[in-house]
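Visitor: The sequence and its predicted three-dimensional model are supplied below.
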Amino acid sequence: MLNLEHLSKIYADGTRALSDINLSVHEGEIVALIGGSGCGKTTLLRLIAGLDRASAGAIRLDDEPLSGPHPAIGIVFQEPRLLPWLTVFDNIAFGLDGVSAAERKGRVHHALEKIGLVEHADRWPRDLSGGQQQRVAIARAFVTNPKVLLLDEPFSALDAFTRASLHEHLLGLWEETRPTVVLVTHDVQEAVTLADRAIVMQPKPGRIFDELSLSLARPRDKTGLPFESSVRRVLTALDQSLNTPHKQPQREKDRQAAALWW
Amino acid sequence: MTGQAESQAWSSLKGAAALAAPPLAERKRRTFDWRLLLGFLLPVLIALLWEAAVHFGIAQGRLVPPPSRIVATLLALSETGELWTHVWATLWRVIVGFVIGAAAGIVFGALSGSIRTARYLLDPTLQALRAIPSIAWVPLFILWLGIFEASKVALIAVGVFFPVYLGIAGAILSVDRKLVEVGHVFRLSRLKLARRILLPAVLPEALIALRSGLGLGFMFVVAAEFMGASEGLGYLLVDGQQMGKPDQILAAIIAFALLGKIADSLLVYGTRPLVRWQDTVRERL
């Protein structure tokens, strides 16, 4: 169980990126953080990953307070961030430092099978397409068997077909060990495809606006009515979160003016 | 279900495309591009014209000897073994100077690139020293180290040091922060971070720095040999000037060109396996 308690982040220049975030994520749950740009989604993920330090509040993984990167927490970034001087195989094995050679080979090979890139094991990252590179990055995060996997818009730079195929690969890997997943996204379809719960965030300062449960059966039928209505629910919440405070008074004024007229 | 099948079809299609692509590129590399020979056309043409001009008495060829006489001089020098003594003397100075200068450049560059305090401490002084034309050290080196090998090697080492220092420090400072973060995520220690991420990341730029260092080494060996040497290609140059033998000067210049090119190529080909992974437009420079 991953717990965020009163988490705040203020950058050195005074920007309040996050303010009083409280969230608990159950074991094996997939949570999507969704919101417009600048609402602190990525900042929140970097705090959990231990790449940045919170200004206030605490992060606990199974009651153990986290400070800095933790072996049980893996992350996939927006870009693949593969090491160009390592082959695909060695990139996936990068985090398997204390593991025996035989087991490393087995685990990496299994991951390669799962992402369908076995025949590319000895290639350089430069020989792969963007989608293939991102698959390798996902495999690199999965082979260490993390308890918590953080995904920072990992599919945002890909075309729709590749993205759909990567969703399948991700869920395939997730099914095996069922880690807790925190997914940052700005794509509502993606959130509904993958997540059990959507957390809608709001900017300036970054905070949680609303929480929506997406308890659809897996595998999810993207053309079905429940899927569609879930998408609509998230979109509505997102819309409300993006409505700036001074927009509402304007509408209110219009209504009053109309009332006067009538 | 259909979505999954579709996506698998997609990924296998892409896989096939990726598999098909490289052999094509390799085939392209194997066929020889005859246009590369165009580079030889101009110098050969000029050499032939000059040869003909001297041959038919249009030009005297006393100060600018025709190619045939330069080749003859080179052959004569190599037959007596004189050429090899000079080549070896020059090469030895460059090698020793390069090794000392490059090693110091790597050490100081690494310090100044990776430790902020060291950078604040070292960099201003080194940059100030860099502003001094290296030849300006010659009188001092002669006073300190004598007129024999030590002062020559010191001058070459100084010449090699600065480009290597700048290149290494700059390469370390420009390592992609995003890749370093990958190391942080996997909780690498400082030492492992340096070995597994920083070192390979700076390698391409470091090799370029070494190449420009080697080039400067050959530049400074001439200066060093001008300041009084009894052997070396630089001595051949000075001797040719004093004795009025332009063919000997040109022969030495050609020897320098060949030697520099060979040394550079050895460095490039010797280190190529280390940077095979690079995603660059041009494979060779």
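Guide: That came in fine, so what should we check first?
Visitor: Spell out the secondary structure type for A:Leu4.
Guide: Three-state assignment for A:Leu4 (DSSP: H, G, I helix; E, B strand; the rest coil): strand.
Visitor: Excluding sequence neighbours, find me the nearest residue to it.
Guide: A:Leu23 (4.5 Å; Cβ to Cβ, 6 or more residues apart in numbering or on different chains). From N, CA and C alone the C-beta is placed, and that goes for glycine too.
Visitor: Which element, helix or strand, includes that neighbour?
Guide: Applying DSSP states H and E as the criterion places A:Leu23 in strand A:16-25.
Visitor: so the following helix or strand past that strand versus strand A:16-25, what angle?
Guide: Sequence order places strand A:30-34 as the next helix or strand after strand A:16-25, per DSSP H and E. In terms of direction (axes from the mean of the first three to the mean of the last three Cα atoms, to 10 degrees), strand A:30-34 departs from strand A:16-25 by 160 degrees.
Visitor: contact partners of the helix or strand just after strand A:30-34?
Guide: On the C-terminal side of strand A:30-34, the nearest following helix or strand under DSSP H and E is helix A:41-49. Contacts to helix A:41-49, defined as Cβ atoms under 8 Å, 6 or more residues apart in numbering or on different chains, come from residues A:2, A:4, A:7, A:9, A:17-18, A:21, A:33-35, A:52-54, A:59, A:66, A:69, A:73, A:75, A:78, A:148, A:150, A:152-153, A:182, A:184, A:201, A:206, B:185.
Visitor: at 6 Å instead, please
Guide: Contacts to helix A:41-49, defined as Cβ atoms under 6 Å, 6 or more residues apart in numbering or on different chains, come from residues A:9, A:17-18, A:33, A:35, A:52, A:54, A:59, A:75, A:150, A:152, A:184, A:201.
Visitor: Which of the residues you listed ranks first by neighbour count?
Guide: Among those, A:Leu33 has the most neighbours (other Cβ atoms under 10 Å in any protein chain shown), with 30 neighbours.
Visitor: Just the helices from chain A, written as ranges.
Guide: Using DSSP state H, the helices of chain A run over A:41-49, A:88-92, A:101-115, A:130-142, A:160-177, A:188-194, A:225-242, A:247-261.
Visitor: check contacts around the closest residue to B:His184 other than its chain neighbours.
Guide: Leaving aside its sequence neighbours, B:His184 sits nearest to A:Pro69 (Cβ to Cβ, 6+ apart; 5.7 Å). Contact analysis of A:Pro69 by Cβ under 6 Å, 6+ apart lists A:50, B:184-185, B:187.
Visitor: Quick one, which of these are buried?
Guide: A:50, B:185 (16 or more other Cβ atoms under 10 Å in any protein chain shown).
Visitor: Mind checking which of the contacts of A:Pro69 are in strands?
Guide: Among the contacts of A:Pro69, the subset assigned to strands under DSSP state E is empty.
Visitor: now, which of the contacts of A:Pro69 lie within helices?
Guide: Per DSSP H, these map to helices at B:184-185.
Visitor: Let me see the contact set for the residue nearest the centre of chain A.
Guide: What sits nearest the mean C-alpha location of chain A, by Cα atoms, centre = their mean, is A:Leu183, with 1.6 Å. Neighbouring residues of A:Leu183 by Cβ under 6 Å, 6+ apart: A:32, A:151.
Visitor: where does it sit relative to A:Ala54, distance-wise?
Guide: The gap separating A:Leu183 from A:Ala54 is 20 Å, by Cβ to Cβ, to the nearest Å.
Visitor: Grab the nearest non-local neighbour of A:Asp62.
Guide: A:Met1 (6.0 Å).
Visitor: since we're on that neighbour, how many residues are nearby?
Guide: Per other Cβ under 10 Å, the neighbour tally for A:Met1 reads 14.
Visitor: for A:Val143, same thing?
Guide: Residues within reach of A:Val143, counting by other Cβ under 10 Å, total 23.
Visitor: likewise the one 3 residues further on?
Guide: For A:Pro146, the neighbour count with other Cβ under 10 Å is 20.
Visitor: Which residues are in contact with it?
Guide: Applying Cβ under 6 Å, 6+ apart to A:Pro146 gives the contacts A:72-74, A:179.
Visitor: Make TSV out of the contacts of A:Pro69 and add distance to A:Ala141.
Guide: Below are those laid out as TSV (distance: Cβ to Cβ, whole Å):
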residue	distance to A:Ala141
A:Gly50	14
B:His184	14
B:Val185	9
B:Arg187	14
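Visitor: Now render the contacts of A:Pro69 as a markdown table, adding distance to A:Ala139 and pLDDT.
Guide: Below are those laid out as a markdown table (distance: Cβ to Cβ, whole Å; pLDDT from 0 to 100):
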| residue | distance to A:Ala139 | pLDDT |
| --- | --- | --- |
| A:Gly50 | 21 | 90 |
| B:His184 | 20 | 91 |
| B:Val185 | 15 | 91 |
| B:Arg187 | 19 | 90 |
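Visitor: And the contacts of A:Pro69, which is closest to A:Thr223?
Guide: Of all these, B:Val185 has the smallest distance to A:Thr223: 37.1 Å, by Cβ to Cβ.
Visitor: gap between that closest one and A:Leu4?
Guide: Using Cβ to Cβ, one gets 19 Å for the distance from B:Val185 to A:Leu4.
Visitor: how near is the residue in the stretch 1-150 of chain A positioned nearest to chain B to A:Leu83?
Guide: Across the stretch 1-150 of chain A, no residue is closer to chain B than A:Arg126, which sits at 3.7 Å (Cβ to the nearest Cβ). Distance, A:Arg126 to A:Leu83, by Cβ to Cβ: 11 Å.
Visitor: which one of the two has more residues nearby?
Guide: A:Leu83 (19 against 12).
Visitor: Tell me how many other residues crowd the closest residue to that one other than its chain neighbours.
Guide: Closest residue in space to A:Leu83, ignoring its immediate chain neighbours: A:Asn91 at 5.9 Å, by Cβ to Cβ, 6+ apart. Around A:Asn91 there are 25 other residues, counting by other Cβ under 10 Å.
Visitor: ok, A:Asn91 touching A:Leu82?
Guide: Yes: contact criterion Cβ atoms under 6 Å: A:Asn91 and A:Leu82 qualify, at 4.9 Å.
Visitor: what is in contact with those two at once?
Guide: Residues touching both A:Asn91 and A:Leu82 (Cβ under 6 Å, 6+ apart) are A:Val136.
Visitor: coming back round to it: same for the strand holding A:Leu23, what does it pack against?
Guide: When contacts are defined as 3 or more Cβ pairs under 6 Å, 6 or more residues apart in numbering or on different chains; DSSP states H and E, strand A:16-25 packs onto strand A:2-10, helix A:41-49.
Visitor: what's the angle between the last one and strand A:30-34?
Guide: Going back to what we said before, that points to helix A:41-49. 140 degrees.
Visitor: With the first one instead?
Guide: If you take the same axes, to 10 degrees, strand A:2-10 sits at 20 degrees to strand A:30-34.
Visitor: For chain B, which residues score under the pLDDT cut-off?
Guide: B:1-30, B:279-285 (pLDDT under 70).
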